[in-house]
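**Student:** Below are the sequence and a predicted model; questions follow.
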Amino acid sequence: MQRHVVLFRRMARPLAQRGSAYMRAEQLVELLSPHLDPGITLSVRPFHALVMPPIAMRAVARSIPCGALCIFVKSAAKHLTRAHLAPLRKRGITVAQDVVDMKLRHVRPELFDLLIAASLRGQQALRDLCADKGLSCPVELLHHHFDPRLLSVSLPERHAFSCGYIGRADNAMIPEAIHDAVEQIDITTVEDFERALPRIGSFALHYGVRPESQTAHGVERGYKPFTKGFTAAACNANILVNRDVDDALEMLGADYPFLTDPTPESITKTFRLAQDSYGGPLWRDALDRMEAMRATVEPAALARQLTEIITRAAPPLG
């Protein structure tokens with residue numbers, strides 16, 4: 001019994017692909033397919049509603065097996081209408097959106113049979129959104145993954161403490177007191193990450209403190225997966241992160257030692273704690289937490305998660 005899953009990713013020039021859309025489409029398919037039951041097939045299609053009129057969706061729908069699950073990844077749902085989805089639904093196709101980190105005010109659960117969140121806090125926020133709208137749309141959870149290219153990186157012997165921030169500069173809050181001790185690597189596109197791989201694996205501590213404005217709850221922000229934490233775990237490193245960052249508490253526990261408040265004083269104090277404890281019992285206990293978290297986002301674990309979602313959303317056809 002075959003179950004087909006089609007991921008619609010928004011069209012983009014290859015060199016302009018941004019990380020999350022690529023990771024939740026092509027990379028997810030490549031990563032999970034070897035761990036899925038042979039009866040489940042995953043594929044990716046580029047899509048943009050403004051260049052795909054509703055009438056053209058009839059041909060798209062005919063090319064997708066009846067009873068399949070179609071997932072619009074993040075902004076691929078932009079400009080989508082009920083008319084676009086009608087040909088899919090006529091073939092008994094279940095329609096979902098993988099919201100990832102979209103701002104809640106852009107999410108339209110009324111269009112979909114289910115939503116998929118990439119974080120625990122995002123899942124709860126989407127459930128609250130549906131309840132506020134009086135909708136019973138289910139919200140599933142598919143954790144984000146770390147970039148599998150990290151597995152090809154040879155981790156060096158770390159004889160001394162080092163700390164690095166990997167990402168866009170405006171997403172980090174780095175106090176002046178420790179600014180020179182945190183190496184910053186700007187990552188915006190897939191290609192940026194590729195170029196930075198040799199450096200990413202070298203840090204003992206990954207820096208993940210976000211500005212407080214990015215962690216306030218409400219429809220004006222998106223709920224981000226804990227990708228920086230997963231990346232650090234893949235590098236056998238610890239992470240310094242504010243406890244209000246989405247899923248930091250949930251994934252690491254409230255007593256993880258390198259959680260901080262988003263104030264210069266608290267960040268600096270926690271940074272010094274990490275620096276002073278490097279290599280000791282506290283540091284090693286924290287690494288054990290990171291390893292346990294990594295196990296939840298390994299490909300086989302994510303494949304099980306996705307299989308459960310598929311089974312609930314699109315039961316196998318007889």
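**Tutor:** Thanks, I have it. What you see is a predicted model, and the numbers here were worked out from it, not measured in a lab. Numbering: from 1, shown residues only.
**Student:** Could you pull up phi and psi at the nearest residue to residue 50 once chain neighbours are set aside?
**Tutor:** Once flanking residues are discounted, residue 50 sits nearest to residue 79: 5.3 Å by C-beta to C-beta, 6 or more residues apart in numbering. Yep, even glycine has a C-beta here, placed from its N, CA and C like the rest. Main-chain dihedrals, residue 79, degrees, to the nearest 10: phi 70, psi 10.
**Student:** Can you report how many residues lie near residue 79?
**Tutor:** 13 (other C-beta atoms under 10 Å).
**Student:** ok, now which ones touch it?
**Tutor:** Residues in contact with residue 79 (C-beta atoms under 8 Å, 6 or more residues apart in numbering) are 48, 49, 50.
**Student:** Could I have the PyMOL command that selects the buried members from those?
**Tutor:** Applied in PyMOL, the following selects the buried portion of the contacts of residue 79 according to 16 or more other C-beta atoms under 10 Å:
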select buried, resi 48+49
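**Student:** Save the contacts of residue 79 as TSV, and put in distance to residue 243, secondary structure and pLDDT too.
**Tutor:** Below are the contacts of residue 79 laid out as TSV (distance: C-beta to C-beta, whole Å; DSSP: H, G, I helix; E, B strand; the rest coil; pLDDT from 0 to 100):
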residue	distance to residue 243	secondary structure	pLDDT
48	39	coil	89
49	39	helix	90
50	41	helix	88
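**Student:** what about the protein, any weak spots by pLDDT?
**Tutor:** Under the criterion pLDDT under 70, the flagged ranges of the chain are 1, 12-19, 190, 213-219, 314-318.
**Student:** Can you get me a residue count around the closest residue in space to residue 177 that isn't next to it in sequence?
**Tutor:** Computed as C-beta to C-beta, 6+ apart, the closest residue to residue 177 that is not its neighbour in sequence is residue 268, at 4.7 Å. Burial of residue 268 is recorded as 17 neighbouring residues (other C-beta under 10 Å).
**Student:** Surely residue 268 and residue 175 touch.
**Tutor:** Yes: under the criterion of C-beta atoms under 8 Å, residue 268 is in contact with residue 175, at a separation of 5.3 Å.
**Student:** For stretch 97-112, measure first residue to last.
**Tutor:** For stretch 97-112, the separation between the terminal residues is 7 Å (C-alpha to C-alpha, to the nearest Å).
**Student:** whoops, I mixed them up, stretch 182-197
**Tutor:** The stretch stretch 182-197 measures 17 Å between its terminal residues, going by C-alpha to C-alpha.
**Student:** Quick one: residues in contact with it.
**Tutor:** If you take C-beta under 8 Å, 6+ apart as the criterion, stretch 182-197 is touched by 15-19, 22, 147, 149-150, 152-153, 162-169, 172, 174, 199-200, 203, 207.
**Student:** How far off centre is that stretch?
**Tutor:** The chain centroid and the centroid of stretch 182-197 are separated by 17 Å under C-alpha atoms, centre = their mean, to the nearest Å.
**Student:** Now it: buried residues?
**Tutor:** Taking 16+ other C-beta under 10 Å as the neighbour-count basis, stretch 182-197 is seen to contain the buried residues 182, 185, 187, 190, 193.
**Student:** just stretch 223-230 next, same as before
**Tutor:** Across stretch 223-230, burial judged by 16+ other C-beta under 10 Å covers 223, 224, 225, 226, 227, 228, 229, 230.
**Student:** which outside residues touch that stretch?
**Tutor:** For stretch 223-230, the external contacting residues (C-beta under 8 Å, 6+ apart) are 100-101, 104, 117-119, 121-122, 125-126, 143-146, 166-167, 206, 208, 214, 239, 241, 245-248, 251-252, 290, 293-294, 297.
**Student:** Mind checking which of those are in strands?
**Tutor:** For these, membership in strands holds for 100, 117, 166, 206, 239, 241, with DSSP state E as the criterion.
**Student:** sorry, back to before: let me know the secondary structure of the residue nearest to residue 177.
**Tutor:** In the three-state summary, residue 268 is assigned as helix, counting by DSSP: H, G, I helix; E, B strand; the rest coil.
**Student:** so who does it touch?
**Tutor:** When the contact criterion is C-beta under 8 Å, 6+ apart, the partners of residue 268 are 175, 177, 178.
**Student:** Report the separation between it and residue 240.
**Tutor:** 11 Å (C-beta to C-beta, to the nearest Å).
**Student:** Residue 36 now?
**Tutor:** As for residue 36, its distance to residue 240 is 35 Å (criterion: C-beta to C-beta).
**Student:** neighbour-wise, which of these two wins?
**Tutor:** Ranked by neighbour count (other C-beta under 10 Å), residue 36 and residue 240 place residue 240 first, with 24 against 21.
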